[in-house]
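Visitor: give me the fold of what follows.
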Amino acid sequence: MTQELCRKEPLKLQRRKKAPITYISGGEGFILWVETFVKIKIYVDGVAVWCSVGDLPTKLNPDTGRCSRDMWDFQKTVALDALKMVNGKFIKRLIVLCWMRGEGKSLFVCLIQLWKFFNFPAQQIMLGANSKDQVKFVHYDIMRDIILNSPALIGIVGERNVQEKEIRLKNAKGHIVSIIRSISSFSGIVSNITGYTFSEIFDMNNPKFFTQLDGSIRNIPNALGVIDSTVSTKSHILYKLYDTWKKGLDRTLLFSHRDSPKASHKDFTNPEMTQVQLNSYKAKFPSREFAMYFKNTWNAGAKKMFTEESFLAMRYIGFRNSLGEYNKVLGTIQAHLKAREENKVPVDVDFQDGTYNQMKTDLTPLSDIYELKTDFNQPRSVTMDELEKLGDVFNTDWCLSVGVDRADPMKQNLLQGARTIVTLVAKGLPGSKNNPAVLLQEDTTVLKYMYFIIDLRHIQHSDINSIKEVIEGYSNKFDGVDALCTERWGMWDIGEWCEELEIEFFPLTASYPVQKEGFSEMYALINEGRLKCPQIVIRGNKKDDLLEEEFLIFDHDSIKKFYGTPEKKEKLGVQDDCLFAINWGIYGCRFISAMDFRSRNVITSLGSYFEDTKSLVGNYKNENL
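Guide: Here you go, the predicted structure:
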């Protein structure tokens, strides 16, 4: 939203000759009522003052080029659409305002319900949120303060009817005819209400309270729900509402979403939101929180376990010809990503500036030793020579562990949903091959094992024979496989087969504690630069690198006890099979130490040589002819 928002004159209503505007004339009536009766708190030269909405100042803030009226003028355009009526009835029954922080969405929500409270008969309006405290200190406090500081409104209600948890409107006989009340998920079920609000729904873990509230306005004419929030994860009810609106599946829903991908003050309407202030928040806030609150992009709503820089760092093994140096590797990549963002280059484009050249010069890519793709950009595994070279570079022998994440072989659409992934992980201890003293360190010393993904396969049809064929190929190619770890489902009968190949089989039930143990170790390995993998050329649903698309949105929700991607249940959503397969590959060799590592001797047969070729001449004469 970068257009110039400041106007010399306030937005004027288009009045129809045959239908004069009244206070209940939809969006136009709302605007007229607010500008006539309501005062709101604004800041003039840094001082808080209560000002009539109809008389908002037009003095521009020199740092932003905006004034207080601009913010209200934008909200009026939303109101005209959201509160449109036909034959005296609202077209919309649910309005969602998903805007950046500081854009007045909570104020706007409160104004809508106050308008209904003062102008429509028999109103039962509930202010809902995730906790008792949140409700009281957000919407209720805003409404109470507006009434107490707007002489016309307090004159109608009476100060005695603005109570701690409830605002009452009485008739001439002193009977309560309308109420506004704060409730939470702990307040119990309500019914037959005429309106509700919900603040910061993105933080709600269970949608049950929202569905109860929204269901409570069923069959009530002109009942209206209004929600304000910043973005959520894509598995959340808020995103589901956005997706429903975007697809046009519910004509009674209006979803107003605004974002600021570059966190630019020009995308805001609040005259006090300067670029200096945004930059200050960016420096102080954790990156995810800043992106959620002030960028308000849906990708920011995802709770990611891993960062883009940590993923890219998996492709490098050193800095300026020195192995390791993970912090320097990470810092170089971060500088490149920052430069790419500042120059507004899309993520999927190679941005070649000074930082890119520094990456090419300073960082040692794993692809110098091995790649998992052919010259024709097709998937392949590491060769025996490459594994030996990798062992020489890090001075280690290897343990080889297979991880499998199997999908349902009966699924009808092979292009949608979960995949069957088989991965081969090489575990080594740098310096251990030619230095036995490394193995004799004190028990209190934590050995820093390295893990390399040396193959990753997508078994398209998920059949057990293809899985066995891949694993047997590993065993033949690398002089045996040490471990196989997988979930029990669909793999329970592979144990005896593993015994024949002398592979230690670790079937497991993927309970939350088991997943937590595995992914906690994987998280530590990635954050310490001890898990490495070159580029994968297996295409995902949204990226050319299947591992990359899973890695960048993989999530852990400790409340729901969930590991995975927020899109895994969507038809074409990003799955998490690669990360689970890798996790099981690492988990399966957790008890295998450097004492168990061994050199691998595979003699490649190129045929046999026979000096006496005469004896090899066949006699094909048929003596019976």
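
Visitor: for the rest of this, base every contact and every neighbour count on C-alpha atoms.
Guide: Fine.

Visitor: so where's the stretch 301-450 of the chain uncertain?
Guide: Low-confidence segments of the stretch 301-450 of the chain, defined by pLDDT under 70: 301-303, 344-358, 412-415, 436-446.

Visitor: now do the strands in it.
Guide: In the stretch 301-450 of the chain, the strands defined using DSSP state E, counting those that start in this stretch lie at 316-319, 322-323, 363-365, 399-405, 420-428, 450-459.

Visitor: as a markdown table, those with mean neighbour count and distance to V276 would be great.
Guide: Output for these, formatted as a markdown table (neighbours: other CA atoms under 10 Å; distance: least, CA to CA, whole Å):
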| stretch | mean neighbour count | distance to V276 |
| --- | --- | --- |
| strand 316-319 | 22 | 35 |
| strand 322-323 | 12 | 40 |
| strand 363-365 | 21 | 35 |
| strand 399-405 | 28 | 48 |
| strand 420-428 | 26 | 48 |
| strand 450-459 | 22 | 43 |
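
Visitor: tabulate the ones you listed (JSON lines), appending distance to E570.
Guide: Formatted as JSON lines, those follow (distance: least, CA to CA, whole Å):
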{"stretch": "strand 316-319", "distance to E570": "33"}
{"stretch": "strand 322-323", "distance to E570": "41"}
{"stretch": "strand 363-365", "distance to E570": "35"}
{"stretch": "strand 399-405", "distance to E570": "19"}
{"stretch": "strand 420-428", "distance to E570": "17"}
{"stretch": "strand 450-459", "distance to E570": "20"}
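
Visitor: for I201, find the nearest of those strands.
Guide: strand 399-405 (34.2 Å; CA to CA).

Visitor: now that closest one: how far from the chain's centre is it?
Guide: Here strand 399-405 is found 28 Å from its chain centre; the criterion is CA atoms, centre = their mean, to the nearest Å.

Visitor: now it against strand 420-428, angle please.
Guide: With axes from the mean of the first three to the mean of the last three CA atoms, to 10 degrees applied, the angle from strand 399-405 to strand 420-428 works out at 160 degrees.

Visitor: looking at the strands of the stretch 301-450 of the chain, which is closest to K543?
Guide: Taking CA to CA, strand 450-459 is the member of the strands of the stretch 301-450 of the chain nearest to K543, at 15.2 Å.

Visitor: tell me which strands and helices that closest one is in contact with?
Guide: strand 420-428, strand 531-532 (3 or more CA pairs under 8 Å, 6 or more residues apart in numbering; DSSP states H and E).

Visitor: as JSON lines, the ones you listed with distance to M100 would be great.
Guide: Formatted as JSON lines, the helices and strands packed on strand 450-459 follow (distance: least, CA to CA, whole Å):
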{"stretch": "strand 420-428", "distance to M100": "39"}
{"stretch": "strand 531-532", "distance to M100": "37"}
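
Visitor: just so I know, which of those lies nearest K448?
Guide: Nearest to K448, of the helices and strands packed on strand 450-459 and by CA to CA, is strand 420-428 at 9.0 Å.

Visitor: per-residue pLDDT, E289?
Guide: Per-residue confidence at E289 stands at 79 (pLDDT).

Visitor: cool, D141 as well?
Guide: 92.

Visitor: my read: D250 touches D243, true?
Guide: No. Applying CA atoms under 8 Å, one finds D250 not in contact with D243, separated by 10.2 Å.

Visitor: what angle sits between the helix or strand hosting F519 and strand 450-459?
Guide: Using DSSP states H and E, F519 maps to helix 512-527. For helix 512-527 against strand 450-459, the angle by the same axes, to 10 degrees is 120 degrees.

Visitor: so how far is stretch 397-415 from its chain's centroid?
Guide: 25 Å.

Visitor: how about stretch 257-266?
Guide: On CA atoms, centre = their mean, the centre of stretch 257-266 falls 18 Å from that of its chain.

Visitor: with just CA atoms, put that stretch into CSV.
Guide: Taking C-alpha atoms only, stretch 257-266 is exported to CSV below (Å, rounded to 0.1, in the frame of the first residue of the first chain):
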residue,chain,number,x,y,z
HIS,A,257,-5.3,-8.2,4.7
ARG,A,258,-2.4,-5.7,4.5
ASP,A,259,1.3,-6.3,4.6
SER,A,260,4.6,-4.6,4.3
PRO,A,261,7.1,-7.1,2.9
LYS,A,262,10.0,-4.7,3.2
ALA,A,263,8.9,-3.1,6.5
SER,A,264,8.6,0.3,4.9
HIS,A,265,6.8,3.1,6.7
LYS,A,266,5.2,4.0,3.3
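
Visitor: buried residues in it?
Guide: H257, R258, D259, S260, A263, S264, H265, K266 (16 or more other CA atoms under 10 Å).

Visitor: just stretch 183-201 next, same as before
Guide: Buried, per 16+ other CA under 10 Å, within stretch 183-201: I183, S184, S185, I193, T194, G195, Y196, T197, F198, S199, E200, I201.

Visitor: next: stretch 49-59.
Guide: Applying 16+ other CA under 10 Å to stretch 49-59 flags W50, C51, S52, V53, G54, L56, T58 as buried.

Visitor: from those, which ones fall inside strands?
Guide: Mapping the buried residues of stretch 49-59 onto strands (DSSP state E) picks out W50, C51, S52.

Visitor: for those, which one is nearest G495?
Guide: W50 (75.1 Å).

Visitor: compare the strands of the stretch 301-450 of the chain and give me the one nearest N583.
Guide: When the strands of the stretch 301-450 of the chain are compared by CA to CA, strand 399-405 sits nearest N583, at 7.2 Å.

Visitor: partner strands of the closest one, with direction?
Guide: Strand pairing for strand 399-405, determined by DSSP bridges: strand 420-428 (antiparallel), strand 483-487 (parallel).

Visitor: adding distance to I142, write the ones you listed out as a markdown table.
Guide: Listed next are the strands paired with strand 399-405 as a markdown table, based on distance: least, CA to CA, whole Å:
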| stretch | distance to I142 |
| --- | --- |
| strand 420-428 | 53 |
| strand 483-487 | 52 |
